[in-house]
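Visitor: no FASTA, just this:
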């Protein structure tokens, strides 16, 4: 896990340095409302992609005989393509708007799933789920309203200086310790949804 985290860090630093060099020759800017609209569109499409993958796996489990691997399921592959395109779009928007503005929009995928789950999987939405999602939406709206509209740029030297500060080092130590705990606990008691979501969240946060 530690080498993986370091690779994430080095790759992110390299991409930021490359993007900084490219901005020297050409600056691309879009209105913040347009970026938010495009980000919401990608978030909704990503939710569709994930639900397509789950639908494909559910249909595969209902089939008689041996189940096909996911890469041989057309519906699952279509969902993966949509998710990958969403990830590419997120990578582009990170360079166009402040991260503090775009990151909270990811929580809106919970709302998309409330809309899509009954359509794709005939799942029932309870009042507690609606209440929790509404609370998340309120927090997201407040965060976006008070987020800065200016995205500062950092060169590689500044990023390295930030990495060597005590808060960032403590952050990485916490993430690596938490990931190690999840892996060891999963091997001992069996992996569950908490393990997968925790590891995915940590890896995703480190990449960003």
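Guide: Structure's in. What do you need? Quick caveat: nothing in here was measured; it's all calculated off a predicted structure.
Visitor: Tell me the helix or strand right after the longest helix seen in the chain.
Guide: Within the chain, and with DSSP state H defining each element, the longest helix by residue count is helix 32-62. The first helix or strand that comes after helix 32-62 along the chain, using DSSP states H and E, is helix 74-94.
Visitor: can you give me the offset of that following helix from its chain's centre?
Guide: Using C-alpha atoms, centre = their mean, to the nearest Å, we find the averaged C-alpha position of helix 74-94 to lie 11 Å away from the chain's own average C-alpha position.
Visitor: by contact count, what packs against that helix?
Guide: Using 3 or more C-beta pairs under 8 Å, 6 or more residues apart in numbering; DSSP states H and E as the contact test, the elements touching helix 74-94 are helix 32-62, helix 99-102. All C-beta atoms are positioned from the backbone trio N, CA, C, and that covers glycine.
Visitor: Give me the buried positions along it.
Guide: Along helix 74-94, the positions that meet the burial threshold by neighbour count (16 or more other C-beta atoms under 10 Å) are 75-76, 79-80, 82-83, 86, 89-90, 93-94.
Visitor: Could you do stretch 50-61 as well?
Guide: Under 16+ other C-beta under 10 Å, the buried positions of stretch 50-61 are 50-57, 60.
Visitor: Could you single out the nearest of the residues you listed to residue 193?
Guide: Checking those against residue 193 by C-beta to C-beta gives residue 54 as the nearest, at 12.9 Å.
Visitor: Please name the residues that touch the closest one.
Guide: When contacts are counted by C-beta atoms under 8 Å, 6 or more residues apart in numbering, residue 54 touches 120-121.
Visitor: going forward can the numbers begin at 28, since that is how I track them
Guide: All set: I'll call the first residue 28, so the last point we hit is now residue 81.
Visitor: neighbours around residue 66, how many?
Guide: Counted by other C-beta atoms under 10 Å, the residues lying close to residue 66 total 23.
Visitor: surely it meets residue 131?
Guide: No. When contacts are counted by C-beta atoms under 8 Å, residue 66 is not listed as touching residue 131 (10.3 Å).
Visitor: excluding its backbone neighbours, what's nearest residue 189?
Guide: Distances taken as C-beta to C-beta, 6 or more residues apart in numbering place residue 195 nearest to residue 189, at 5.9 Å, with adjacent residues excluded.
Visitor: how close does the one you found get to residue 209?
Guide: Residue 195 sits at a distance of 21 Å from residue 209 (criterion: C-beta to C-beta, to the nearest Å).
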